[in-house]
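Novice: the following comprises the amino acid sequence and a computationally predicted model.
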Amino acid sequence: MIAKRPLMRFPFRQTISIARYISRQKRAKKARFPLVLMLEPLHACNLTCSGCGRIREYSDSMSKMVLLADCLKAVDECGAPVVSICGGEPLLYPEIEKLTSEILNRGRVVYLCTNGQVLEKKLSLFKPHPFFNFNVHIDGLQRTHDIIVEKEGAFAKAIGGVKAALAKGFTVCTNTTVYKQTSPSEVRQLIGELTRIGVNGILLSPGYCYEDVDDQSVFLTREEIFEKFRAIRETGNGKRIWSTPLYLDFLSGLREYDCTPWGNVTYNIKGWKAPCYLITDGHYRTFGELMKNVEWERYGPKKDRRCENCMVHSGFEATVALTTGDSLKDALRMARWTLL
């Protein structure tokens, strides 16, 4: 049985909080400001996913963790309205309960990104909160997902965690990365299955060509992304899709966007990662140094060869959020979509 649809696509209080933040920054005429802090308290993980660059890029610091005080300092220093706690597998972080509660106490929206393998076991550490979301990574139906994460039974574990979290009243979304071997028809089936389970939202994004991943054959070129996502759009995306229609237009080759690398900033064991979540040209000690010293205009498609095939949500959904108001047509379309 398909779960009842919510009145709004996104949790209302979260939507209002983020909208107010963007409005304040624009009134203050700030040229650049982050929307999301990608907070990585550790890079250790209990899976070895084929397309993951983190466990390979940071192989020399897998045993290290960011102190709780330093995590919270990064949250305060950055000021982004959304904090995505990722990694690695953040549920392995010993102080994940305290970290999450402290960020929520600061009035920030929290996405705890997890592969779901220990989610059911760790649920007792958390309580449902209007600003709190579990974001469970699911890269296809059972066979495809288990191959990508290189562990048999991983899909069943993740789905079990999703169901348990929903049963306890948590807001749960999923994140699916589309790789070269991903079938658009399978994505459609997955959306249907996740909708039946009752997830609150479904995020979609093409895989990014991490240079640290030896097998580059899993990643898509820009033309292949267009082909995949045109097919995905044609099959219908469902009413629980949280990837915006303007971003999906972009992935289908129907519109152009510049990257906003400073929209999603990353802090981890080595400091503030520059220039973005996906490319590392260095790390900075403070958020102020990151924003001041990175030559932001150097990055993006047609500017840096590493950005040539990148269309990942962390760089481009921020652009959508910051530019939608420039067009009345786009603003009305987004309003209708948000309100279902």
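Specialist: It's in.
Novice: so which elements touch the helix ranked longest in the chain?
Specialist: Ordering each helix of the chain by length in residues (DSSP state H) puts helix 12-27 first. Using 3 or more CB pairs under 8 Å, 6 or more residues apart in numbering; DSSP states H and E as the contact test, the elements touching helix 12-27 are strand 109-114, helix 313-323. Heads up, the C-betas are built off the backbone N, CA and C, glycines and all.
Novice: out of the ones you listed, which gets the lowest mean score?
Specialist: Between these, the lowest average pLDDT goes to helix 313-323, which shows a mean of 94.
Novice: next, the angle from the longest helix of the chain to helix 313-323.
Specialist: Helix 12-27 and helix 313-323 are oriented at 70 degrees to each other (axes from the mean of the first three to the mean of the last three CA atoms, to 10 degrees).
Novice: buried ones in helix 12-27?
Specialist: Q14, S17, I18, Y21, Q25 (16 or more other CB atoms under 10 Å).
Novice: kindly report the same for stretch 274-291.
Specialist: A274, P275, C276, Y277, L278, I279, T280, H283, Y284, F287, L290, M291.
Novice: what would those look like in TSV with distance to C173, secondary structure and pLDDT?
Specialist: Formatted as TSV, those follow (distance: CB to CB, whole Å; DSSP: H, G, I helix; E, B strand; the rest coil; pLDDT from 0 to 100):
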residue	distance to C173	secondary structure	pLDDT
A274	28	strand	97
P275	27	strand	95
C276	22	coil	93
Y277	18	coil	89
L278	21	coil	87
I279	25	coil	91
T280	27	strand	93
H283	29	strand	97
Y284	30	strand	98
F287	27	helix	98
L290	28	helix	98
M291	28	helix	97
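Novice: as JSON lines, the residues you listed with distance to L47 would be great.
Specialist: Formatted as JSON lines, the buried residues of stretch 274-291 follow (distance: CB to CB, whole Å):
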{"residue": "A274", "distance to L47": "27"}
{"residue": "P275", "distance to L47": "27"}
{"residue": "C276", "distance to L47": "23"}
{"residue": "Y277", "distance to L47": "19"}
{"residue": "L278", "distance to L47": "19"}
{"residue": "I279", "distance to L47": "23"}
{"residue": "T280", "distance to L47": "21"}
{"residue": "H283", "distance to L47": "25"}
{"residue": "Y284", "distance to L47": "29"}
{"residue": "F287", "distance to L47": "30"}
{"residue": "L290", "distance to L47": "29"}
{"residue": "M291", "distance to L47": "33"}
